[in-house]
Structures are given as structure tokens and as C-alpha cells.
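Asks: have a look at this fold, sequence not included:
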């Protein structure tokens, strides 16, 4: 199984007359900004996964919701596919354009409509940056918890589409756990409200269904997020280990002791050395692995938890445990972790970032398995990841200029993801499926489960116009990859089988 | 709008030949226990909402999953509707049988398959009682957080179907937030896994969609729940107020101060007096309203939070604040609250329990509105509810033997729920829609939203055989109740329009 999506993009979509679509849009929406020249379209050819590039048919940059609504109605009437894009920071190609489709850029909807400290929520437009919400809430001592690494740039609409995570997910949940309500436009341009301002909503939980649906079920027009009080204090412990397995076991022991850290991150020796060379964080360069464990809350609680975690770490075989002496050292410890990806970029011409989630208790076995695979493929793998929630980010180091290395890196990546699935994990933690992992979905799910995904997609978007070719593979594709049997050649949703 | 479902039950379903279905079942499943005589069926004619009673066609009591699978296949082939039932404690008639349908009782699947303290999860069969999970986890210092009042009797399968809540939801979430994975059988008897043992799962979030779907999307066959460490200490504060509005404001102030109590409950004077007469909990019988606020966690943290909450309560106008002196008094304070419903039952021949959720900040206004409606309808209303998450349980007191009082109680209930919807709340917090609130769904949702619910139902169960007539109203029904316009008389899912 090849990890990269093969290049049949747009192939099965009906032909589109670009000039005609452009004329129609200009007629219906005279004040909508539309990009149509090659040089204007080029900056939009990829999102954060730049290995895939497709120049879109047209790019539209609406500023008012009525424009989006009219656009959707027009595209629906003419059967033109639409790909929504927020800030374009996604790492799985979820916002990769279509040659025969319109790229709907929602970035200009960047207004914070309301910050309500008493109700502990904020209502924002979809193009608002993740970090901007916390900045707006800060004067009230509140913040928005999910914190993807791209939080300075990524938009909340994209966060909803990808169910974004971050360092603090373990304690504070994913995007879906921090939403009250999402307003959307359907493929037909109808406005719907999912969830409510109250804590629960009757009927099927369409808010949760929509979150993480990667632009396939509708367009986000407004998001109401929960705000949390900022913890009074945060302290971080750095523990060294002489094997990655021991560090993996310590992670399970901390959680097993009933402590939920604000962040619990692991780095192996390769990552430690790369980060230390780059940031000079004071990391133990001889350790086989290290853990960063942040405890947050009120002073007395944090003090007690630090003592308990230190005891657990030593019991689990930590060779050294250090509490950051002051805020400056705490920030430095985190700076090393947060810059680990670019640091690895300094020691290898290229790297390929994986994103798999496994049950926490499987960490030692999977880390050992990755070591073995690394030797088998003759490629170095750096491990730096959200250990507390079992969300791994193995970075496969390779040199694209060496013939065959890219293919070998991809093959190794696929094997790592298969290992994650084999131990009860999943092929993605927080980066989404997008275009990148569409084939792995066939390994993760049965044909019955894939069929049910299609049935749900069909319920929202019968013609398959919203972000086709992402997230959910066709049964045809899975059959081609050998992991699925198609009964008598019949496909239940032929109109969703174009990719 | 009448709050009670009108009595057209089964009317639109095709006729069923009981003898033939019975013979088919016996042939295909010779060792399945089947109840078919009137006296055996009678105990199953209702769930916890005993105002609605329907004797089912047949009751089946399977003990092995293969039996359930064969049964579903047989029913699907013969187009016989199936209503699943757990412990039958639901309060909205979600497990109300059908005259022309089979009642599938899952109570015998009561095995705890695995308690995994390191992974902090338990795998259980659907008939396992909610409290039994916490009891099995207790030796490891763990528990299952959602705690509906019926937790001694209700089953986890039913909890999943209703997305059950409880006193501790505010801090620890609803059922949906405490699940890792649910295994189901589809209407066609296919086994599917929703969610995974890891913290996230790619594709659409069918686990969340399924949770709270009230038996309409599939049959639960196994549930993997998260286990949490038991808090080290719990303390409770009792605060008195001279108006319900002031108590309502104090609730918002506590949350606004960044404190999330383990439980935050409110009772008005009528409930206080009823509970005190019954339990002698030491409640302030002259107070217009009281709050019970429980703080849990580690010792130092709880001590600090108690001081902060006391200050907030006094600032908000509490006339008296008492900390339970010891564990015995804490248990007594809670005993009054937990017995408030039966206590109200002692002071009125009948009462009707409502369940609406509102944004917390609307508590003072809605409590005032309920007072006014109570005077307008000439019926007493006792308020005792989960104030922290805005989940209200007004109890309408009436005497069914007085002509017209039941109808007046129902009309008042409908007005209260409409008030909840008007302030941005919802018609149910934790009891579900079931049969009881099917009409109110038309007030809560637009025709586009109801249509989308039907499309999702159709994705799982195209023929509408699973628990028809519950949870999601037909568009026809909504049109009849005057709140919806049907376009040119066309209904998008005619096969789901039988009720």
C-alpha cells in the first residue's frame, strides 16, 4: 500500500467551462473578489502538506455570508465542486484544491462577534485565528483550550473541520469538546444551527458529527466556543530515561496514578539532540528518551501533583528528574519541544511527519516496533509526540535527492501506520485524513463502515460536491488497494465514487 | 401545542401476523426466550414514563449476540419494527413498545468483560447497570463518572441511547464525553465499531452521532467507557437565598469565577420544604431558594475552592452559607436533594417532571417566567435541578382526579419548554425526546434541520424499522402542529413518515 495518494485528481469529475463559471459568478455576485489568472491562483495550490499541489479552477474570497450562500446555490445548480479553505495550515491536504472546482477561502471572516465572560463562551466568525480567541478572552482571565502548533495562524473554521488538537488535549479535550454551537451553510446554501447555547441539544448530535468532517458536510459560518479559566500556575518536570520503552511505560504509570497533566510530551534521543543543538534548552543529550510533564491548576494542587509525578517517574526508572526552577526555564523546556520539528529539519535534508494514535498502554511496544522498522528500512526516525494521549508523530528522515529514498520513506510511514492500527489505534490523531491518508482509511475500516460513512455524506451532500476525494475513500479505491470486497460489483453510492 | 403525544401509535405501520412472526422466530432461534402471552407482555408495556402504555407484539430476551444478529436479519427481511430496551428506566418513553413491533430486551447482556486500570477503561455488555461499572472499578480507585439518578438500575446501553447525564455532568461531562468505543449491530444485523480504543478516530464521528440517538440507528452490543480516578475529598456548601433569581445569579457567578464544582444544584422553597419534611436534611425551610455546591479534588485545592465559593455566594446575596461539618452531614445534604422528587410526590397527588436546558445566564429570567406561568395556570411548580449546567427540572403539581388539571399541567409544561427554547435553550437536557417530546422538536428545529435528521436516520435505517415514532418527528407531524411548511406537499423520506 502506497501512503501517497495517487495522482488521479479531478480525473473523474465532469468537465467544467471555466469562462462560463466565471461569467456566471460575476453576474450573480458583482462585488465578490474572484481570482482566475494563473499567477493569482498559484499561492493557493496547496495547504500545509505541500507535497500535493493542484491549481484550482477559481479562487473566491467572500466577505459577507450572503455571498457564500449565493455562491453555494450557484455551484449546486451547476454541479461545480467546492473546496473550503481557512488559513491553509492543514497537514493532510484537506484543503487541496481541484482543477475543476472552486476554492472557497473563508479567511476574511475574521470578526470576533462576542466574548461573554459570564457565559464563558465566545462567538466568532470562521476565519478568526485560534490564538486570537484566547487573546480576546485574556482580559477576563479566560482562554480557548485547544492549541494546535499552528495556533498563531490556523483558523477556527479549519479547527472545526479537522477537529484540531494540541499539547493540552489530554486534559482539556479536542476541538469537539470545546464547542457549544456551529452555524453552517449546506451544499444548497441553507443555513443550519448545530448544537445550541445550552449544554445539550436534542435530536442526533450533528455538531459532533460535523466536527472533523473535513469540509465534506457543509461550510462553517459561525462558531461558538467554550472558554476556560486560565490555570493559576503551571510547572514542568523533565525526566530522562535510558530506553524509549521505559519512558513509554512511565507515561502509562502517570495516567494510571490518576494524574492528568496539562501536557505530557515525549522525545527520543534523536529529537533531543536535534532540539538541543538548535534551541539550547538544557536537554539531557545522552538520554535515550525524555518526558516533559506539565502540571497546571491552583498552587497547592500543582505542588502536590509535582511531588507525586516525580515519585512515579523515579519508580518507573527515570535516571534523572528536574523541575524547571523558574518560569524562564519552563519556557525554555517548552521552546525545545515546540521547535523539535524544525530542529529535525536541520539534521536531515527532508523529513516526513506521521500522525497516528494508539492506546497509551501500547506505547512501549509500538516504540520498539518503530525502532525495528527504522533498521529494516535503513532510515532514521525521530519520535517527538503527545505521549499522554497516545498521539505519535514519528518523523522519518530521508534525502529526496537520493534515488528511491522518498519511496522508502513512504513505505516505512505506511508500515508505521499499519502498526498503529494493528494495536487498536488509528491512522490519524490530529492532522486529519484529507488527501494524504485516504488509502489508509481502507485499512482502518470495514466495507460496511466505509459504506455507512458514504451514507452519512449522502445525507448532507447527495451529489458529492463538497470537497470530493478527501477523508472518506470510495469503495472502488479500497477494492483497488486489495483490502475490500465489492459485492457483485455494486456500489451503493455511485455519485460519491468519482474519486 | 399539546405536550403529550397523541394516540396514533402503530396506526400507520403495516399489519403484522403475530402467529407467523412467532413461528418464524421459534424456527430460526429455537433457544431464544420469547414472551407472547398477554400476561407476560404486560410488564413491558411502558418504561419510566408510565403515562404511555402499549402492549408489544412480542418480547424477546436474548442471551447471546448471535441471537440478536439473527433476530435483526429476520425482522429486516420481514420488515418488522424493533424497539430496543435496557432496564426500562427512561423518562421520555424512548423504550415504549409498538403493538406491531418486537421489544428487544438487552437486560441479560450484563457481563463486565474487562476493567483495565492502567488503560483507565472498562469494556462492558450493554445490560450492565451504570453503578455496577463504578463498583467493579472501585478496587482500583476508579469510577465511571456519569451518574443519572437511576444509576442503581439503569443500563449502560440505555445510557448510550439517551446520552444520560447526572449531578456530576457539569464537571465530568455527559455519557458521550466518557465513551471510547461502542460496538453496534445495524438494522441489517451487521457488526460495526464506532470510535476506537485510542483517543480519536478518523472519518466522521459516528460514535458521537450514535450516542443519544435513542435506539433509532442501531443496537448497542458492547460499550468501552473511560474510568476516572475517584476524587480524594469532596465537601459541600449549602447557601440560602431570599429569591430564586438571586440564587440563579449566584450560579452564573460561581462559574464565572472560574470554578467548576463537582455538583451545583438548586432547590426552591416548595422543594426545600417537601424534602425537609421527608428527609430532615437540615434545610433552611424559610429560604426562597438554596444551592448545594460540591467541590471535589485534592485536599488543598478543595479547601481553597470552598473559601472562594463562599465569598462568591455572599457577594451574590446569600443570606446564609454553611459548609457540611462532616461526611455525615454532607451525605444528609445530598439525601435531601436526591429524594426531592419523591418528597414532592408526598405533597401532591400527581406531578409532571419537565426537563429543559437553558444557557446558565438565563436562569434568573426563566425562573421568574416559570413563577408567572405557575400563577397564570393556577398550578404549583417545584424547581429542583442541575443549576450548574442549566438543566432544569420543574415539577408541575396537579391532581389527576380534578377534571381538567392534567390537561392544564400539560399545557403549562409545554409553555415552560417553549420558554426554554425562546432563550436559546433546548426541550430536553438529559431525559431524551422519546415519545414524550416529539411535538416540541417541531418548535426546536427548522424544517431543514428536521429533514437533515431524517436523512441521517435514512443513512442507517432506510426502511425506518428501528424504534419508529420516537425522537425525530415526521415533517407531516410538524406541519400538523402548525410550525412547519411542507413544500408542495412533498416529503423527502416518505418511508420515515409513518408516524
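Replies: Looks like it came in fine. Remember, predicted model here, so these are calculated numbers, not experimental data. Numbers count the residues shown, from 1 in each chain, chains lettered A, B, ... in the order given.

Asks: next secondary structure after the helix or strand encompassing residue A:135?
Replies: Using DSSP states H and E, residue A:135 falls within helix A:130-137. Counting by DSSP H and E, the next helix or strand C-terminal to helix A:130-137 is strand A:142-143.

Asks: is the next helix or strand after that following strand positioned near chain B?
Replies: Later in the chain than strand A:142-143, the nearest helix or strand by DSSP H and E is helix A:156-162. No: Helix A:156-162 does not reach chain B (C-beta under 8 Å from any C-beta of the partner chain); its nearest approach is 10.6 Å. Glycine gets a C-beta too; all of them are placed from N, C-alpha and C.

Asks: name the helices or strands packed onto whatever helix or strand comes next after helix A:156-162?
Replies: Once helix A:156-162 ends, the next helix or strand along the chain (criterion: DSSP H and E) is helix A:169-172. On a contact count with 3 or more C-beta pairs under 8 Å, 6 or more residues apart in numbering or on different chains; DSSP states H and E, helix A:169-172 meets strand A:263-268.

Asks: elements contacting the helix or strand of chain A with the lowest mean pLDDT?
Replies: Taking mean pLDDT, DSSP states H and E as the measure, helix A:475-480 is the helix or strand of chain A with the lowest mean score, a mean of 80. With contacts defined as 3+ C-beta pairs under 8 Å, 6+ apart, helix A:475-480 has these neighbours: helix A:440-444, helix A:447-460.

Asks: how far out from the middle of the chain is that helix?
Replies: Distance, stretch centre to chain centre, for helix A:475-480: 25 Å (C-alpha atoms, centre = their mean, to the nearest Å).

Asks: which parts of it are buried?
Replies: A:475, A:476, A:477, A:478, A:479 (16 or more other C-beta atoms under 10 Å in any protein chain shown).

Asks: and the third one, how far from residue A:440?
Replies: According to C-beta to C-beta, to the nearest Å, residue A:477 stands 11 Å off from residue A:440.

Asks: local confidence estimate at the closest residue to residue A:103 other than its chain neighbours?
Replies: In space, and not counting its chain neighbours, residue A:103 is closest to residue A:56: 4.0 Å by C-beta to C-beta, 6 or more residues apart in numbering or on different chains. pLDDT, residue A:56: 96.

Asks: what's the burial count for the closest residue to residue A:339 other than its chain neighbours?
Replies: Distance criterion C-beta to C-beta, 6+ apart; nearest residue to residue A:339, sequence neighbours excluded, is residue A:279 at 5.3 Å. Using other C-beta atoms under 10 Å in any protein chain shown, residue A:279 has 20 neighbouring residues.

Asks: in contact with residue A:279, which residues?
Replies: By C-beta atoms under 8 Å, 6 or more residues apart in numbering or on different chains, the contact set of residue A:279 is A:332, A:335, A:336, A:339, A:343.

Asks: residue A:433 should be in a helix, yeah?
Replies: No: under DSSP: H, G, I helix; E, B strand; the rest coil, residue A:433 sits outside any helix and is assigned coil.

Asks: next, the angle from the stretch of helix or strand residue A:296 belongs to to strand A:263-268.
Replies: Here residue A:296 is covered by strand A:289-297, with elements defined by DSSP H and E. Here the directions of strand A:289-297 and strand A:263-268 differ by 170 degrees (axes from the mean of the first three to the mean of the last three C-alpha atoms, to 10 degrees).

Asks: quick one on the thing from earlier: tell me which of the helices and strands packed on helix A:475-480 sits most buried.
Replies: Burial of the helices and strands packed on helix A:475-480 is given as mean neighbour count (mean count of other C-beta atoms under 10 Å in any protein chain shown); helix A:440-444 ranks first at a mean of 23.

Asks: same question for it, mean pLDDT?
Replies: Averaged over helix A:440-444, pLDDT sits at 85.

Asks: hang on, the earlier thing: tell me if I'm right that the residue nearest to residue A:103 and residue A:97 touch.
Replies: Yes: assessed by C-beta atoms under 8 Å, residue A:56 is found in contact with residue A:97 at 3.4 Å.

Asks: more crowded one of those two?
Replies: With neighbours defined as other C-beta under 10 Å, residue A:56 and residue A:97 compare such that residue A:97 has more, 27 against 24.

Asks: where's that one relative to residue A:429, distance?
Replies: Look at residue A:97 and residue A:429: by C-beta to C-beta, they are 25 Å apart.

Asks: all strands of the stretch 51-200 of chain A, in order?
Replies: Ranges of strands in the stretch 51-200 of chain A, per DSSP state E, counting those that start in this stretch, are A:58-61, A:82-85, A:102-105, A:112-116, A:121-124, A:142-143, A:179-185, A:191-195.

Asks: out of those strands, nearest to residue B:404?
Replies: Checking the strands of the stretch 51-200 of chain A against residue B:404 by C-beta to C-beta gives strand A:191-195 as the closest, at 37.3 Å.

Asks: run the angle between the closest one and strand A:179-185 for me.
Replies: Using the same axes, to 10 degrees, strand A:191-195 lies at 160 degrees relative to strand A:179-185.

Asks: ok, strand A:191-195 near chain B or not?
Replies: Yes: applying C-beta under 8 Å from any C-beta, one finds strand A:191-195 touching chain B at A:191, A:192, A:193.

Asks: ditto for stretch A:261-278
Replies: No: under the criterion of C-beta under 8 Å from any C-beta, chain B is not reached by stretch A:261-278; the shortest gap measures 12.5 Å.

Asks: any buried residues in that stretch, and which?
Replies: Judged by neighbour count (16+ other C-beta under 10 Å), stretch A:261-278 contains these buried residues: A:261-276, A:278.

Asks: circling back to that earlier point, using a markdown table, lay out the residues of strand A:191-195 next to chain B together with neighbour count, pLDDT and distance to residue A:424.
Replies: Converted to a markdown table, these look like this (neighbours: other C-beta atoms under 10 Å in any protein chain shown; pLDDT from 0 to 100; distance: C-beta to C-beta, whole Å):
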| residue | neighbour count | pLDDT | distance to residue A:424 |
| --- | --- | --- | --- |
| A:191 | 16 | 95 | 40 |
| A:192 | 20 | 94 | 35 |
| A:193 | 20 | 93 | 36 |
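
Asks: from the residues you listed, which is closest to chain B?
Replies: Using C-beta to the nearest C-beta, residue A:192 comes nearest to chain B of those, at 5.6 Å.

Asks: the closest one reaches residue B:447, doesn't it?
Replies: No: the criterion here is C-beta under 8 Å, and residue A:192 misses it with residue B:447 at 10.9 Å.

Asks: which residues are common contacts for the two?
Replies: Counting by C-beta under 8 Å, 6+ apart, residue A:192 and residue B:447 have no contacts in common.

Asks: confirm that residue A:383 sits in a strand.
Replies: Yes: counting by three-state DSSP, residue A:383 is located in a strand.

Asks: not counting its neighbours along the chain, what's nearest residue A:140?
Replies: Using C-beta to C-beta, 6+ apart and skipping the chain neighbours, the partner closest in space to residue A:140 is residue A:117 (3.9 Å).

Asks: dihedrals phi and psi, the one you found?
Replies: In terms of degrees, to the nearest 10, the main-chain angles of residue A:117 are phi -70, psi -40.

Asks: what about it, distance to residue A:361?
Replies: Distance from residue A:117 to residue A:361, by C-beta to C-beta: 40 Å.

Asks: thanks again, I'm all set now.
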